[in-house]
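Student: just a sequence and a predicted model for now, questions to come.
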Amino acid sequence: MGSEGPPAPVTVHITGFKKFHGVSENPTETIVNNLTEYMKKKGLPKGLFLGSCSILETAGQGALVPLYQTLQSAINAKDCESSNSGKVIWLHFGVNSGATRFAIEHQAVNEATFRCPDEMGWKPQKVPIVPSDGGISRTRETCLPVEQITMALAKKGYNIMTSDDAGRFVCNYVYYHSLRFAEQNGIKSLFVHVPLFLTIDEDTQMQFVASLLEVLASIC
């Protein structure tokens with residue numbers, strides 16, 4: 001008794017996306033760019049640290065190198081710390097322009113079928129994201145408790161759902177690579193879809209992200 005120390009710190013690294021076809025202003029770019037300053041004013045949950053906040057090109061294959069450099073930065077930062085006992089979470093935000101509520105994504109599918117060209121002009125159809133993983137029906141799931149996270153945020157008053165389908169566009173593409181990377185490196189990954197600011201205003205979405213960080217700190 002009494003031998004247990006304080007819970008291991010949790011460092012959350014966050015990404016959003018730039019504009020893409022049909023979405024000239026991506027809310028996740030605004031959210032992620034403003035989050036550090038927002039959380040300074042609000043105060044971070046105990047035991048949680050905000051790591052990098054990065055904006056990704058809304059592109060698949062052509063953006064792989066910067067994506068992996070971004071993911072690897074979390075591992076490099078962890079290795080540089082005096083203690084590696086802390087936990088690392090990659091938290092990705094993407095927009096679903098037709099959505100009316102937030103969605104916590106449970107899984108990603110090994111399929112790229114883009115409904116329109118990405119920002120680098122790529123428009124794959126029924127292509128495996130990682131061919132060595134097998135066919136396009138292969139899925140990867142987050143090890144974070146999606147249902148628990150969703151319920152906790154619903155109790156805080158947010159209009160939110162759990163989703164098993166992140167689409168087949170760049171959001172799913174990035175999430176699949178991130179889940180694979182997380183599994184290989186002993187970290188965790190989660191993808192969250194948000195609506196447009198026209199549907200849920202910016203202030204509410206910033207509050208939502210702060211609440212999500214609180215929930216992640218409490219369950220990890």
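Tutor: That came in fine, so what should we check first?
Student: switch to C-alpha atoms for all contacts and neighbour counts from now on
Tutor: Will do.
Student: show me the helices in this protein, by range?
Tutor: With DSSP state H as the criterion, the chain has helices at 27-42, 64-80, 146-155, 170-185, 202-219.
Student: highest mean neighbour count out of those helices?
Tutor: With neighbours taken as mean count of other C-alpha atoms under 10 Å, those reach their highest mean count in helix 170-185, at a mean of 21.
Student: what helices or strands is it leaning on?
Tutor: helix 64-80, strand 87-95, strand 107-109, strand 139-141, strand 188-194 (3 or more C-alpha pairs under 8 Å, 6 or more residues apart in numbering; DSSP states H and E).
Student: out of the ones you listed, which gets nearest to Gly16?
Tutor: Smallest distance to Gly16 across those (C-alpha to C-alpha): 5.0 Å, for strand 87-95.
Student: now the closest one: mean pLDDT?
Tutor: In this model, strand 87-95 has an average pLDDT of 96.
Student: which residues does Val215 contact?
Tutor: Shown in contact with Val215 (C-alpha atoms under 8 Å, 6 or more residues apart in numbering): Ile149, Ala152, Leu153.
Student: Leu196 against Glu29, yeah?
Tutor: No. Contact criterion C-alpha atoms under 8 Å: Leu196 and Glu29 do not qualify, at 11.5 Å.
Student: find the nearest non-adjacent residue to Cys143, please.
Tutor: Distance criterion C-alpha to C-alpha, 6 or more residues apart in numbering; nearest residue to Cys143, sequence neighbours excluded, is Lys188 at 6.7 Å.
Student: bridging residues for the one you found?
Tutor: Taking DSSP bridges as the rule, Lys188 bridges to Ile89.
Student: then the one 4 residues further on?
Tutor: Val192 forms beta bridges with Phe93, Ile104, as assigned by DSSP bridges.
Student: which ones are touching it?
Tutor: Contacts of Val192 by C-alpha under 8 Å, 6+ apart are Leu91, His92, Phe93, Gly94, Phe102, Ala103, Ile104, Glu105.
Student: and it, how far from Lys46?
Tutor: Between Val192 and Lys46 the computed distance is 22 Å (C-alpha to C-alpha, to the nearest Å).
Student: likewise for Tyr175?
Tutor: 27 Å.
Student: cool, and Leu213?
Tutor: Using C-alpha to C-alpha, Leu213 is found at 10 Å from Lys46.
Student: centre-most residue in this protein?
Tutor: Nearest to the geometric centre of the chain sits His92, at 1.6 Å (C-alpha atoms, centre = their mean).
Student: need the contact list for that one.
Tutor: Ile14, Thr15, Gly16, Tyr175, Ser189, Leu190, Phe191, Val192 are the contacts of His92 under C-alpha under 8 Å, 6+ apart.
Student: show me the two of those residues that sit farthest apart.
Tutor: Largest separation among the contacts of His92 by C-alpha to C-alpha: Gly16 and Ser189, giving 13.7 Å.
Student: show me what the one helix or strand in the chain whose mean pLDDT sits lowest is packed up against.
Tutor: Least confident helix or strand of the chain, by mean pLDDT, DSSP states H and E, is helix 64-80 with a mean of 82. Judged by 3+ C-alpha pairs under 8 Å, 6+ apart, helix 64-80 is in contact with strand 48-56, helix 170-185.
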